[in-house]
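1. Next come a sequence and a model predicted from it.
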Amino acid sequence: MARTPSSACTCSRRAHSRSSGCCSSATGYVSNEADRELYLKTKRELAQREWQYTQNYADAKTQVVREIVARAESARNSPSDL
């Protein structure tokens, strides 16, 4: 499946780890603005390429998604600075 910028998700509220369509998510909302921007930048860059299979596109963004999820989990498990 070829991915083009017009077919790339422009959603700025979610990080997708497995998606059957725009904005479906197993990772939930990305609350960190820097991570959200990193994810969107990665998706935009990858959307510029031609992909034989959709899974290749998903695999290409896996590392960024893992990093974002790890940071979110770490922040959630850290004591609050109250």
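-> Ah, there it is.
2. any chance you could map the helices in the protein?
-> Using DSSP state H, the helices assigned to the chain run over residues 33-47, 54-77.
3. now these as JSON lines including mean pLDDT?
-> Putting the helices of the chain into JSON lines (pLDDT from 0 to 100) gives the following:
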{"stretch": "helix 33-47", "mean pLDDT": "93"}
{"stretch": "helix 54-77", "mean pLDDT": "92"}
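4. Let me know which of those is tucked in deepest.
-> helix 33-47 (a mean of 16; mean count of other C-beta atoms under 10 Å). Bear in mind the C-beta positions are built from the backbone N, C-alpha and C, glycine included.
5. That one relative to helix 54-77, how many degrees between them?
-> Angle of helix 33-47 versus helix 54-77, following axes from the mean of the first three to the mean of the last three C-alpha atoms, to 10 degrees, is 170 degrees.
6. and helix 33-47, what other elements does it pack with?
-> Using 3 or more C-beta pairs under 8 Å, 6 or more residues apart in numbering; DSSP states H and E, the elements in contact with helix 33-47 are helix 54-77.
7. Distance check, Arg66 against Arg76.
-> Separation of Arg66 from Arg76 (C-beta to C-beta, to the nearest Å) stands at 16 Å.
8. no wait, Thr54
-> Counting by C-beta to C-beta, the separation of Thr54 from Arg76 is 30 Å.
9. do the same with Glu45
-> For Glu45, the distance to Arg76 - C-beta to C-beta - is 28 Å.
10. Over to Gln55?
-> Gln55 is 29 Å from Arg76, by C-beta to C-beta.
11. wouldn't Ala75 be in contact with Asn32 here?
-> Yes. Ala75 lies in contact with Asn32 (C-beta atoms under 8 Å); the separation is 7.4 Å.
12. my guess is Ala60 contacts Ala47, does it?
-> No. Using C-beta under 8 Å, Ala60 is not in contact with Ala47, being 10.3 Å away.
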